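*Asks:* Please find the sequence and the predicted model below.
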2 protein chains.
Amino acid sequence: MSAFKQESHKLLVIPGPIEVTDEVLYANAYPPVAHTSAEFIPVLGDSIRLTREVLYTKDAQIFLIAGSGTLGWDQTSANLVESGDNVLVLNSGYFGDSFTECLRAYGAKVDEIRADFGNAITQAQLEKALAAKKYKLVAFTHVDTSTAVLSDAKMIGETTRRVSPQTLVVLDGVCSVASEEIRMDAWGIDVVLSASQKGLGAPPGLCIVAASRKAITVFEKRVSPVAGYYASWKKWIPVMNAYEAGKPMYFATPPVNLVRAYRQSLFEITSGNVSLQERFALHRETKARITAAVKELGLREVPQDKSISANGMSAIYLPDGVGVADLVPRMAARGVIVTGGLHKDTKDKYFRIGHMGTTAVNKQRGDIDKVIAVLTEVVNEVRKQNA
Amino acid sequence: MSAFKQESHKLLVIPGPIEVTDEVLYANAYPPVAHTSAEFIPVLGDSIRLTREVLYTKDAQIFLIAGSGTLGWDQTSANLVESGDNVLVLNSGYFGDSFTECLRAYGAKVDEIRADFGNAITQAQLEKALAAKKYKLVAFTHVDTSTAVLSDAKMIGETTRRVSPQTLVVLDGVCSVASEEIRMDAWGIDVVLSASQKGLGAPPGLCIVAASRKAITVFEKRVSPVAGYYASWKKWIPVMNAYEAGKPMYFATPPVNLVRAYRQSLFEITSGNVSLQERFALHRETKARITAAVKELGLREVPQDKSISANGMSAIYLPDGVGVADLVPRMAARGVIVTGGLHKDTKDKYFRIGHMGTTAVNKQRGDIDKVIAVLTEVVNEVRKQNA
């Protein structure tokens, strides 16, 4: 590999897309290869195997398909839901609303437990709902990118398995895979859906879905036909199995460059200079640094307490009298890209910082030092002007 | 821009993915940017405007969404078809079969006119079908990648407009956009669907759809809800319009790197060293060279005559007694990647060569010289061994 260095640029610390390594970008610029070639087959095959490793699953069916994370909602809905099925959504923000909308578009009867802004669903709420009605699946956003609220995936998986063992547990991990621990098999998570551009450390455009054997069995037993074509697991299961077995098979052309970039990032995540466990620890450590800096500035985070606060991103209330337009452009002018809120009720009251992937893991980059320094500088500057 | 040179590699002349320029690959390796940033908005905005230019349309609604070309079938089916609608598919190969399957998955009642292998549908067949039944839409594969059969898009558009003016005309242009002329407005084409990795000259992973005002009106008047979520134009129209107007809007994260690569390729296509018209002429010229070489070798092409033969790719019957496994690996060993057939009945009887994009347009690369030289060498070698 030649020594490729990416263009100098402002530090991208929004909650996805994120900073990616030179090696990942270089893989994205590898000359396109034939999707059925001996050269590409192991690229996709490795990516399937390493995705399982990141999710601590022995045998989940992995789907790597060109699309955004949203396509993961469609895959879940089109393949696992039949018209009239009861679904429970644990809604902790904007992305809960949207997942509900997607499920309904495919005919699901959705009940929602809605957390107040900045809160997560509790075990008691979940138990009560599962005891009251039989649900085919329960879905939740692991980290809601709009609020930085972290749901307790282990609690949700284990509680569902105990109270309603047939219900499938669906985890939207777009903003959590590889930045928050997810033990799919041990915790009883049946579907994890994600995307390439956040904790997984690649450019956007690849949708990543893992489905447990239990989920695949439910899929295989469906009575009505799959409600879609591009998202149909009937089409993709043989393709994914073929590539994993070292053989080509065609349904739709995979995004060969992006899969190569994704594999490169998975190599770094699973056998880089830190272990997967250390990676999660480094995300927690980074979060603690951000939280301390925020507190030091007299600011407040959106999640109501530390136990429900994401480790890969932060949502922070703006100082009194300061708008998003006062803060975000000033930080950008100093080379740090953060972003505003994303939640209909409160989006103008807070801003968001992403601290996932290489930014959290490779301390020698100094990304977090820079974020904290610039945030502190800008908040003090705005306060001085407003004083 | 630094002087990026892609890794040396074998010449990729399958009918997509294709060879792409260094500048396109370099754009794909640009550091990820925020999808809602002032930096990215014109990247998507330009891509929308330039896509219209390539399709000779004044005002079609453009959709640029992460996905393979197959997602274009889903977009067409989910947005324009309501359960029970009559659809006519002009089937000229493998991709006609699949488009039919997709339309049916969304509830369409599909009638097919099936051409024999290597043939296209005739005007008389189309007229007869349109006169016999009222169809909501007629769909055809402009170039069927499985057979290299080129359908007459102008004839199909004009005939449909004359015989059945309300019927929408849907052109699957995955293997034709930017290598075959398509005059969307003038010919009465209502939907063009395509993908980034063929004539459009970028890596795979971006689905490109253009829908006429007439198609959008039919969409807006639908009675049943859109049959999907990720593919829903209800979601994407405001997003695409916002980016074109220079404003951000969020539905799903766009593949920012790939859109930048796509825009770079569109710059080259629309304002590079040759005009769009010259580009089409160069594809025709390339095809003539391939045809002459094939004839010289005593081989035969799959399309039954020149008028229905694609200009961006060729499907060629193998010499007697020669298998795909004799020819394709030998060409690969000499640095030229071609591929086997893709059509259930006859896939072992022919092979395919792609000659789109920079391979056809930038003669100084010498790609076509190399393809012809290696093909000739290998065919002669195999014949000698078999003699």
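*Replies:* Yep, it's here. Numbers count the residues shown, from 1 in each chain, chains lettered A, B, ... in the order given.
*Asks:* any idea of the mean pLDDT in stretch A:147-162?
*Replies:* Averaging pLDDT along stretch A:147-162 gives 98.
*Asks:* check whether it contacts chain B.
*Replies:* No - Stretch A:147-162 does not reach chain B (C-beta under 8 Å from any C-beta of the partner chain); its nearest approach is 14.9 Å. Quick note: C-beta positions are derived from backbone N, CA and C, even for glycine.
*Asks:* likewise stretch A:97-113?
*Replies:* Yes - applying C-beta under 8 Å from any C-beta, one finds stretch A:97-113 touching chain B at A:Glu101, A:Cys102, A:Ala105, A:Tyr106.
*Asks:* Tell me who's in contact with A:Gly228.
*Replies:* A:Asp74, A:Ala78, B:Asp74, B:Ala78, B:Ala105, B:Tyr106, B:Ala227, B:Gly228, B:Ala231 (C-beta atoms under 8 Å, 6 or more residues apart in numbering or on different chains).
*Asks:* Only whichever of the residues of stretch A:97-113 next to chain B are buried, select them in PyMOL.
*Replies:* Selection command for PyMOL covering only the buried members of the residues of stretch A:97-113 next to chain B, criterion 16 or more other C-beta atoms under 10 Å in any protein chain shown:
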select buried, chain A and resi 102+105+106
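*Asks:* Doesn't A:Leu193 belong to a helix?
*Replies:* No - counting by DSSP: H, G, I helix; E, B strand; the rest coil, A:Leu193 is not part of a helix but strand.
*Asks:* Settle this for me: it is touching A:Gly173, isn't it.
*Replies:* Yes - at 6.5 Å, A:Leu193 counts as touching A:Gly173 under the criterion of C-beta atoms under 8 Å.
*Asks:* What ranges does chain A have for its helices?
*Replies:* A:22-28, A:41-54, A:70-80, A:94-105, A:123-132, A:153-163, A:184-187, A:213-220, A:233-244, A:256-271, A:276-296, A:324-333, A:358-361, A:367-386 (DSSP state H).
*Asks:* could you give the mean pLDDT of the fourth one?
*Replies:* For helix A:94-105, the mean per-residue pLDDT is 96.
*Asks:* Same question for the last one.
*Replies:* Within the predicted structure, the mean pLDDT of helix A:367-386 is 95.
*Asks:* That helix: how far from the chain's middle?
*Replies:* 28 Å (C-alpha atoms, centre = their mean, to the nearest Å).
*Asks:* Just give the number of residues close to A:Gly340.
*Replies:* As a burial measure, A:Gly340 scores 18 neighbours (other C-beta atoms under 10 Å in any protein chain shown).
*Asks:* roughly how far apart are the closest residue to it other than its chain neighbours and A:Tyr317?
*Replies:* Leaving aside its sequence neighbours, A:Gly340 sits nearest to A:Val324 (C-beta to C-beta, 6 or more residues apart in numbering or on different chains; 4.0 Å). Distance, A:Val324 to A:Tyr317, using C-beta to C-beta, to the nearest Å: 11 Å.
*Asks:* and the closest residue to A:Gly205 other than its chain neighbours, what does it touch?
*Replies:* In space, and not counting its chain neighbours, A:Gly205 is closest to B:Pro255: 3.1 Å by C-beta to C-beta, 6+ apart. Contact analysis of B:Pro255 by C-beta under 8 Å, 6+ apart lists A:Ser68, A:Pro203, A:Pro204, A:Gly205, A:Leu258, B:Ala66, B:Gly205, B:Leu206.
*Asks:* taking those residues one by one, which sit in strands?
*Replies:* Of these, the ones assigned to strands by DSSP state E are B:Ala66, B:Leu206.
*Asks:* Now render the contacts of B:Pro255 as CSV, adding pLDDT, neighbour count and distance to B:Thr147.
*Replies:* Shown next, in CSV, are the contacts of B:Pro255 (pLDDT from 0 to 100; neighbours: other C-beta atoms under 10 Å in any protein chain shown; distance: C-beta to C-beta, whole Å):
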residue, pLDDT, neighbour count, distance to B:Thr147
A:Ser68, 98, 25, 33
A:Pro203, 98, 31, 34
A:Pro204, 98, 28, 34
A:Gly205, 98, 32, 30
A:Leu258, 98, 28, 29
B:Ala66, 98, 31, 28
B:Gly205, 98, 32, 25
B:Leu206, 98, 28, 25
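*Asks:* Pipe the contacts of A:Gly228 into TSV and attach distance to A:His343 per row.
*Replies:* Output for the contacts of A:Gly228, formatted as TSV (distance: C-beta to C-beta, whole Å):
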residue	distance to A:His343
A:Asp74	22
A:Ala78	27
B:Asp74	29
B:Ala78	28
B:Ala105	35
B:Tyr106	33
B:Ala227	28
B:Gly228	25
B:Ala231	25
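*Asks:* nearest to B:Val149, of those?
*Replies:* B:Asp74 (23.5 Å; C-beta to C-beta).
*Asks:* how about that closest one, what does it touch?
*Replies:* Taking C-beta under 8 Å, 6+ apart, one finds A:Gly228, A:Tyr229, A:Tyr230, A:Ala231, B:Cys102, B:Tyr106, B:Gly228, B:Ala231 in contact with B:Asp74.
*Asks:* With A:Val143 instead?
*Replies:* So A:Val143 contacts A:Val149, A:Leu150, A:Ser151, A:Gly173, A:Cys175, A:Ser176, A:Ser179, A:Glu180, A:Ala310, A:Gly312, A:Met313 (C-beta under 8 Å, 6+ apart).
*Asks:* out of everything not next to it in sequence, what's closest to the second one?
*Replies:* So the one you mean is A:Leu150. Closest to A:Leu150 by C-beta to C-beta, 6+ apart is A:Ala310, at 4.5 Å.
*Asks:* Could you tell me how far that neighbour is located from B:Ala202?
*Replies:* For A:Ala310, the distance to B:Ala202 - C-beta to C-beta - is 34 Å.
*Asks:* hmm, back to that, generate CSV for the contacts of B:Pro255, with distance to B:Met331 as supplementary columns.
*Replies:* What follows is the contacts of B:Pro255, written out as CSV (distance: C-beta to C-beta, whole Å):
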residue, distance to B:Met331
A:Ser68, 37
A:Pro203, 32
A:Pro204, 35
A:Gly205, 31
A:Leu258, 27
B:Ala66, 33
B:Gly205, 27
B:Leu206, 29
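*Asks:* So what's the residue count around A:Arg383?
*Replies:* 15.
*Asks:* That one: what's it in contact with?
*Replies:* A:Pro319, A:Val322.
*Asks:* any idea how far it is from A:Tyr317?
*Replies:* Distance from A:Arg383 to A:Tyr317, by C-beta to C-beta: 14 Å.
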